[in-house]
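Peer 1: Turn this into a model:
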Amino acid sequence: MRLISKWKRIQMGAVDMFQKFNSIRLTPWLAAMLACALHLPAQAQTADSAGAPAAAPPAVAPASPFTANVTIASQYVSRGFRQTWGKPAIQGGVDYAHPSGLFAGTWMSSVSDHFIENGSVEWDLYGGYTGSAGDLTYTGQIYYYVYPGAEASFAHTKYNYGEAVASLTYKWFNVKYWLTYTPDYFGYNSATLGIGTGQHSRGSGYLDLNGTFDLGSGYSLLLHYGNERVRNFSAYSFQDGKVALTKAFDGGWSVTGAVTKGWGKNGVYDRYTTGVLNSAGVADVSNPLATTLVLSLTKTF
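Peer 2: Numbering: from 1, shown residues only. Alright, predicted model coming up:
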């Protein structure tokens, strides 16, 4: 009985000592070890306990405002025009999106000098603002297209040009209008087209209609129609259409198959050539608006 009584006094003394240590915020893991050794209930580690608050869960890293993409395509088709003359294309871009809605980016693609004289690269620069109101998303942006080293030599005209873009998206439907603000649209002027004197194509516009449908299981369908009005040179106006099926995979991968087709007025584009000679010494000709199947593989980072 004396031994038991003596052990009780030791235990009570330890309890008192434990309480004093705890009152000066003993570290939680040490308090728990001491309580276990003395057969005392460990304190629950909460923000309301006398001990330190429970450790917070690991913070989730904020999403980066930067994204990037790389694409390998069987060829590059833009607005119905086969810009790599039937050859494969390598493409890629980087985008920055600020929480305020402001954004900027750049994108590049290989092109063919059979379509763009002395050209090998298209380099796009753009920036703008996007916002939303319910299911409606609105965007305004400025584009500038650069074709380094490219020039229609016979007319001493660069292909570089710029467009201002207004875009509205409602659920699955998107409409854009691209308006040329530079003197020429893609080098179209009197010197390059042989029409009139001193005329340029500032004010040309492209109506861009798109329907995007989620088919489930990572599949999506795009239906596109475009109509380019070339100011002062209506014979060179054109239309184009596209149907594209995309399958998205884990890890930012996607595969797309698309069929494109363009239509010019009075067959003006049916036998297009830049004057580049082939191995037989003859200028290659093609219809850049012909029906085309495009396959592409894209990785988004």
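
Peer 1: Tell me, how many residues neighbour the residue nearest to Trp123 when sequence neighbours are not counted?
Peer 2: Nearest residue to Trp123 in three dimensions, chain neighbours excluded: Val146, at 4.4 Å (C-beta to C-beta, 6 or more residues apart in numbering). Every C-beta, even on glycine, is put in place using the N, C-alpha and C of the backbone. Per other C-beta atoms under 10 Å, the neighbour tally for Val146 reads 18.

Peer 1: dump the residue contacts of Val146.
Peer 2: When contacts are counted by C-beta atoms under 8 Å, 6 or more residues apart in numbering, Val146 touches 122-125, 160.

Peer 1: Which one of those residues is nearest to Pro65?
Peer 2: Using C-beta to C-beta, Leu125 is the member of the contacts of Val146 that lies nearest Pro65, at 17.8 Å.

Peer 1: one step back: of the contacts of Val146, which is the most crowded?
Peer 2: The most crowded member of the contacts of Val146, judged by other C-beta under 10 Å, is Glu122 (23 neighbours).

Peer 1: where does the chain dip in pLDDT?
Peer 2: 1-61, 277 (pLDDT under 70).

Peer 1: can you give me the strands for the stretch 101-250 of the chain?
Peer 2: All strands of the stretch 101-250 of the chain, identified by DSSP state E, counting those that start in this stretch, fall at 102-110, 121-133, 136-146, 151-152, 157-158, 161-170, 173-180, 205-216, 219-229, 238-249.

Peer 1: Distance from the chain centre to the fifth one, please.
Peer 2: This means strand 157-158. With C-alpha atoms, centre = their mean, to the nearest Å as the basis, strand 157-158 stands 29 Å off its chain's centre.

Peer 1: strand partners of that strand, parallel vs antiparallel please.
Peer 2: Note on strand 157-158: by DSSP bridges, its sheet partners are strand 151-152 (antiparallel).

Peer 1: do the same with the first one
Peer 2: When sheet partners are counted by DSSP bridges, strand 102-110 sits next to strand 89-97 (antiparallel), strand 121-133 (antiparallel).

Peer 1: how close does Pro288 get to Ser217?
Peer 2: Distance of Pro288 to Ser217, given as C-beta to C-beta, to the nearest Å: 35 Å.

Peer 1: Neighbour count for the two, which is higher?
Peer 2: The neighbour comparison of Pro288 against Ser217 (other C-beta under 10 Å) goes to Pro288, with 22 against 7.

Peer 1: hang on, the more buried one packs against Phe81?
Peer 2: Yes - Pro288 lies in contact with Phe81 (C-beta atoms under 8 Å); the separation is 4.6 Å.

Peer 1: quick one on the thing from earlier: could you dump the contacts of Val146 to TSV with distance to Asp184?
Peer 2: Formatted as TSV, those follow (distance: C-beta to C-beta, whole Å):
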residue	distance to Asp184
Glu122	16
Trp123	17
Asp124	17
Leu125	17
Asn160	9
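
Peer 1: Looking at those residues, which is nearest Thr298?
Peer 2: Using C-beta to C-beta, Asp124 comes nearest to Thr298 of these, at 16.2 Å.

Peer 1: that older thread, which neighbours do Pro288 and Phe81 share?
Peer 2: Common neighbours of Pro288 and Phe81 are listed as 115, 262 (criterion: C-beta under 8 Å, 6+ apart).

Peer 1: who are the neighbours in contact with His98?
Peer 2: Taking C-beta under 8 Å, 6+ apart, we find His98 in contact with Pro65.

Peer 1: any idea how far it lies from Trp85?
Peer 2: For His98 relative to Trp85 (C-beta to C-beta), the value is 38 Å.

Peer 1: Look up which residues are beta-bridged to the closest residue to Thr256 other than its chain neighbours.
Peer 2: Here the nearest residue to Thr256 in space, its sequence neighbours aside, is Thr246; by C-beta to C-beta, 6+ apart that works out to 4.4 Å. Beta bridges link Thr246 to Ser220, Thr256, judged by DSSP bridges.
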